[in-house]
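# Give me coordinates for this.
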Amino acid sequence: MQPELQTMAEQRTELSSLGEFGLIDKLSEGLELVNESSQLGIGDDAAVISADDDNFGLLSSDMLLEGVHFDLSYVPLQHLGYKSIAVNVSDIAAMNGKPEQITVSLGLSNRFSIEAVEAIYKGMKAAAKDYQVDIVGGDTTTSHSGLVISISVYGKVAKEKVAYRKGAKEKDILCATGDLGAAFLGLQVLEREKQTFLANPNMQPQLDKYKYIVQRQLKPAARMDIIHELNEKDVVPTSMIDISDGLASECMHISRNSGLNVAIYEDKLPIDKQTYDTAVEFNLDPITAVLNGGEDYELLFTIKQEDHAKLDTHPDIHFIGYMHKEQVGNVLITKNGNQVPLKAQGWDHLGQK
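Numbers count the residues shown, from 1 in each chain. Just a heads-up that it's a prediction; the model follows:
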């Protein structure tokens, strides 16, 4: 064994010990931006690049791996294609921007037919139409370990309206769109039905009463509608992130990047009745599902106190907490008024939790 390889083996550190974000921090150590056009590199939902006098360019990428991010035993190919575009558009939305172009790269094994690939692309084309984004290129290659979908997305945002994970100020109001926890519970239902089918192939899936949460898992929507409405109401978030890894995890990102703490109210957290009822059915705490479920692709953002009135009557924007400097740290304020530490236990892409 070569000396340098032997040293690496002796010093082996498991990827799961760092987690996804710890690994990103590790790999980005010492990276310097050498091009004047690179405004912001690693660390947000998208990189920020100079575009023209009025706009920044936004660049992001994402991968979906079979067996890690999706299970083709219950995920329709067309839905998978749609989802792969939507989750990337969501990254641009999280920067308060508008997506414009996308490239698509596929790793395909020989078990995929032309018709199967066309089904994936049918979903992608539908999403591209919905979000008014152009599919402009990509790549295809052979995969020996299942289906791989890699997407890169480019968009733009007016320079004075870009929203980062940093930027929140003390007493800013914390807002969340839509409802949370549904995608996680939808996944639990799909996994249960899969196990039932494996035990008895004659059993038909029982999904009728779970349509909403299953849909939230299989075909999430990027909240570009909220971005357009914020623009119409002249509200620029002071910080923003999309909720892909769980509400608690995203709160931690805003807290860390803004140098402040987050306080959220248990009774203000948005949860759909079907999500709540299904959590109870699975003997899960509904609030835990909201905080740590992930894959909702809603938006979490902060606004100035004076912008509250502009959004006060919006049916799909919920005021769930605020930013503070108090020593108690990031907290969840329970219905009884108790403050408990906010902990992030969402999806770990390396530990696969």
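# ok, now how distant is the nearest residue to Lys156 once chain neighbours are set aside from Ala47?
Distances taken as Cβ to Cβ, 6 or more residues apart in numbering place Asn55 nearest to Lys156, at 4.6 Å, with adjacent residues excluded. (Each C-beta comes from the backbone N, C-alpha and C, glycine too.) As for Asn55, its distance to Ala47 is 14 Å (criterion: Cβ to Cβ, to the nearest Å).
# Could you do Gly329 as well?
Taking Cβ to Cβ, one finds Gly329 at 30 Å from Ala47.
# Look at these two and report which has more neighbours.
Ala47 (20 against 13; other Cβ atoms under 10 Å).
# State whether the more buried one and Ser61 are indeed in contact, as I suppose.
No. Judged on Cβ atoms under 8 Å, Ala47 makes no contact with Ser61 at a distance of 9.3 Å.
# Flag the shaky bits of the stretch 51-200 of the chain, pLDDT-wise.
For the stretch 51-200 of the chain, no stretch has pLDDT under 70.
# again, only this time at 90
51-53, 145, 196-200 (pLDDT under 90).
# now do the stretch 201-350 of the chain
201-206, 326-328, 343-350.
# Break down it into its strands, ranges please.
Per DSSP state E, counting those that start in this stretch, the stretch 201-350 of the chain carries strands over the ranges 239-243, 261-265, 298-303, 317-324, 331-333, 339-341.
# okay, the ones you listed in TSV with distance to Arg216 next?
Formatted as TSV, the strands of the stretch 201-350 of the chain follow (distance: least, Cβ to Cβ, whole Å):
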stretch	distance to Arg216
strand 239-243	12
strand 261-265	21
strand 298-303	10
strand 317-324	16
strand 331-333	23
strand 339-341	27
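# Let me have these in TSV, extended by mean neighbour count.
Listed next are these as TSV, based on neighbours: other Cβ atoms under 10 Å:
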stretch	mean neighbour count
strand 239-243	26
strand 261-265	21
strand 298-303	27
strand 317-324	21
strand 331-333	19
strand 339-341	11
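# right, so of those strands, which gets closest to Gly67?
strand 239-243 (23.6 Å; Cβ to Cβ).
# Val75 and Tyr121: what is the separation?
From Val75 to Tyr121 the distance is 15 Å (Cβ to Cβ).
# oh sorry, the question was meant for Met252
36 Å.
# Please apply the same query to Asp134.
For Asp134, the distance to Tyr121 - Cβ to Cβ - is 14 Å.
# In terms of neighbours, single out the busier of those two.
Tyr121 (17 against 12).
# so that one touches Tyr82, yeah?
No. Look at Tyr121 against Tyr82 with Cβ under 8 Å: they stay out of range, at 10.5 Å.
# ok, Gln132 - contacts?
Pro99 (Cβ atoms under 8 Å, 6 or more residues apart in numbering).
# Need the three-state assignment for it.
coil (DSSP: H, G, I helix; E, B strand; the rest coil).
# and the gap between it and Ile102?
For Gln132, the distance to Ile102 - Cβ to Cβ - is 11 Å.
# quick one: the residue nearest to Leu247 when sequence neighbours are not counted from Thr313, how far?
Nearest residue to Leu247, sequence neighbours excluded (Cβ to Cβ, 6+ apart): Leu291, at 5.2 Å. Here Leu291 is placed at a distance of 27 Å from Thr313 (Cβ to Cβ).
# More neighbours: these two, which one.
Leu291 (25 against 7).
# The more buried one against Ala248, yeah?
Yes. Using Cβ under 8 Å, Leu291 is in contact with Ala248, at 4.3 Å.
# who are the neighbours in contact with the residue most central in space within the chain?
Closest residue to the average C-alpha location of the chain: Ser244 at 2.2 Å, with Cα atoms, centre = their mean. Applying Cβ under 8 Å, 6+ apart to Ser244 gives the contacts 87, 90, 250, 294-297.
# Could you do Ser90 as well?
Ser90 neighbours (Cβ under 8 Å, 6+ apart): 220, 222-223, 242, 244, 297.
# Quick check: the gap between the closest residue to Ser152 other than its chain neighbours and Leu230.
Spatial nearest neighbour of Ser152, chain neighbours left out: Ser61 (4.3 Å); criterion: Cβ to Cβ, 6+ apart. Ser61 sits 25 Å away from Leu230, going by Cβ to Cβ.
# out of the two, which sits in the busier spot?
Leu230 (25 against 15).
# How many residues are close by Val117?
Val117 - counted by other Cβ under 10 Å - has 16 other residues nearby.
# Return the residues in contact with the nearest residue to Ala128 once chain neighbours are set aside.
Leaving aside its chain neighbours, Ala128 sits nearest to Ile135 (5.4 Å; criterion: Cβ to Cβ, 6+ apart). With contacts taken as Cβ under 8 Å, 6+ apart, Ile135 has the following neighbours: 101-104, 124-125, 128.
# please redo it, this time with the cut-off set to 6 Å
102, 104, 128 (Cβ atoms under 6 Å, 6 or more residues apart in numbering).
# Assumed Arg192 was part of a helix.
Yes. The assignment for Arg192 by three-state DSSP puts it in a helix.
# Tally up the residues packed near it, please.
Other residues close to Arg192 by other Cβ under 10 Å number 15.
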